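Colleague: Generate coordinates for the sequence data below:
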Amino acid sequence: MLPFCDRIVRVARKDVAPVWTRSFPIAKEPTTLGQHLKKKRFGAGIRQSKAAQILGVSARSLSLWECDRLFPTVPYHSRIIAYMGYDPFEKLPK
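Modeller: Below you'll find the predicted structure:
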């Protein structure tokens, strides 16, 4: 047997979305804060727990924000703006 026959090479593919992101519908034009947050997170290819850690909140809080069941309080707005890279609050309908 040749010495290189038992080698396995694994390379991450950048052109294919992770499996966990393919099964959830994402709005192309987000209209709510939750849709903005979810689109940013899926675009970055990170899980909810990692995004919550970046924002400094619990994964449960982020989940409620993404489902639009809870709106973040004012102290979290600056963190969300920094995370998003833009102000999603001015794009929300009044």
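Colleague: Let me know the pLDDT of the most centrally placed residue in the chain.
Modeller: Nearest to the geometric centre of the chain sits R41, at 1.3 Å (C-alpha atoms, centre = their mean). On pLDDT, R41 comes in at 92.
Colleague: Any idea which helix or strand in this structure has the lowest mean pLDDT?
Modeller: The helix or strand of the chain with the poorest confidence is helix 33-44; it has a mean of 91 (mean pLDDT, DSSP states H and E).
Colleague: Keeping just the C-alphas, turn that helix into CSV.
Modeller: The C-alpha coordinates for helix 33-44 follow below in CSV (Å, rounded to 0.1, in the frame of the first residue of the first chain):
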residue,chain,number,x,y,z
LEU,A,33,-35.0,44.9,13.3
GLY,A,34,-35.1,41.1,13.7
GLN,A,35,-34.8,40.6,9.9
HIS,A,36,-31.9,43.0,9.8
LEU,A,37,-30.1,41.1,12.6
LYS,A,38,-30.8,37.7,11.1
LYS,A,39,-29.6,38.7,7.6
LYS,A,40,-26.4,40.2,9.1
ARG,A,41,-25.7,37.0,11.1
PHE,A,42,-26.4,34.6,8.2
GLY,A,43,-24.4,36.8,5.9
ALA,A,44,-21.4,36.5,8.3
